[in-house]
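Enquirer: take a look and give me a structure for this.
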Amino acid sequence: MLATLVDRAGIELSTVDSALGRWTHAAWRPATGEPLAGLVDHIWYFEGTLAHAWETVFPSGTLELIVQLDEPHRPAGGSQRYPPLALTGMQTTALTVEAPRGLCRVLGVRVHPAAAYALLGHSFAPAVGATIDLCDVAGRSAEELGERCEAARDAAGRVAAAIDWTEARLGRAREIAPYVAYAAARIERAGGDTAIAGLQRELGIPDKRFVAAFREQIGVVPKRYARIVRFRRTLALIDAGAGSLAEIAGAAGYYDQAHMSAEFAAHAGRSPTAYLAALRYPGSSSLAADPL
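Expert: Next up, the predicted model:
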């Protein structure tokens, strides 16, 4: 059973009671013209219990600031838990995490990579595919985010606290190279179907300088970023049931279905058919599973 409403602040609140578990979920996306538009993809909050221990998430071309208010998650099958305040770098492959038993309260701020560099003043190339302690990057400010979320009274309040915290950091944002921001935005708008060599020539920036600056400020080289963004678009088309796999391959700009399937498997660790057959959480691309 799923029930959803939107409050006055534009925060979408959902409650789920199903075989997958029982939880409350809150989410907010900045509207065009708002201070965080173009910086933050969305901010979300989860509170509840899950029936399945493992959750698999897929590359999205973003980074995520995570606040865990209860026992932290850990890598599936691992013994060491993630930091309570964490930053997950850009994923290039599927990631499976194990949720704690009992009540789980987690907030996430999903940011575009250029925004992460600007807001946190740090290169995240070493964090690609990894989860690091947010306090090592943001210091006392990270602790303040955790404290604000803990003090808030409900799901919407915790999302609102994260919005305020993120907006406050805008005043300390670091300047990103305009041509890197432009290139990343072009790749995003094209859904990853971008000729990187043509983009570099258009900008008139020497190849090595362009690639090095892009990797420093985005986290991966331009071609890798375009592949991740195209995978994200493909995943969204599949989730939406936008046609046959062959039709989706064409819509996403792949040469053919075989090419799309190979790229999908490289990022998701499974074929599109296997993904469609897996157990998914409602309104999400994440997969639910129990330990093997």
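
Enquirer: quick one: the helices in this protein?
Expert: 113-120, 134-138, 140-151, 155-169, 178-189, 196-203, 207-218, 222-239, 245-251, 257-268, 272-277 (DSSP state H).

Enquirer: so what does the fourth one touch, helix or strand wise?
Expert: In this structure, helix 155-169 makes packing contacts with strand 21-28, strand 40-50, strand 104-111, helix 113-120, helix 140-151, judged by 3 or more C-beta pairs under 8 Å, 6 or more residues apart in numbering; DSSP states H and E. Every C-beta, even on glycine, is put in place using the N, C-alpha and C of the backbone.

Enquirer: got the angle for that helix vs helix 113-120?
Expert: Interaxial angle, helix 155-169 versus helix 113-120 (axes from the mean of the first three to the mean of the last three C-alpha atoms, to 10 degrees): 70 degrees.

Enquirer: mind listing residues that contact helix 155-169?
Expert: By C-beta atoms under 8 Å, 6 or more residues apart in numbering, the surrounding residues in contact with helix 155-169 are 7, 9, 11, 13, 24-28, 35-36, 39-40, 43-45, 47, 67, 107, 109, 111, 119-120, 141, 144-145, 148-149, 151-152.

Enquirer: check the third one too.
Expert: The contact list for helix 140-151, computed with C-beta under 8 Å, 6+ apart, reads 65, 67, 69, 84-85, 107, 134-135, 138, 158, 161-162, 164-165, 169.

Enquirer: which among those residues end up buried?
Expert: Buried members of these, counted by 16 or more other C-beta atoms under 10 Å: 65, 67, 69, 84-85, 107, 134-135, 138, 158, 161-162, 165, 169.

Enquirer: which pair in those has the greatest spatial separation?
Expert: Pairwise distances across these (C-beta to C-beta) peak at 20.5 Å, for the pair 69 and 169.

Enquirer: could the helices and strands packed on helix 155-169 go into JSON lines alongside distance to residue 196 and mean pLDDT?
Expert: Formatted as JSON lines, those follow (distance: least, C-beta to C-beta, whole Å; pLDDT from 0 to 100):
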{"stretch": "strand 21-28", "distance to residue 196": "32", "mean pLDDT": "95"}
{"stretch": "strand 40-50", "distance to residue 196": "22", "mean pLDDT": "96"}
{"stretch": "strand 104-111", "distance to residue 196": "23", "mean pLDDT": "97"}
{"stretch": "helix 113-120", "distance to residue 196": "16", "mean pLDDT": "90"}
{"stretch": "helix 140-151", "distance to residue 196": "34", "mean pLDDT": "97"}
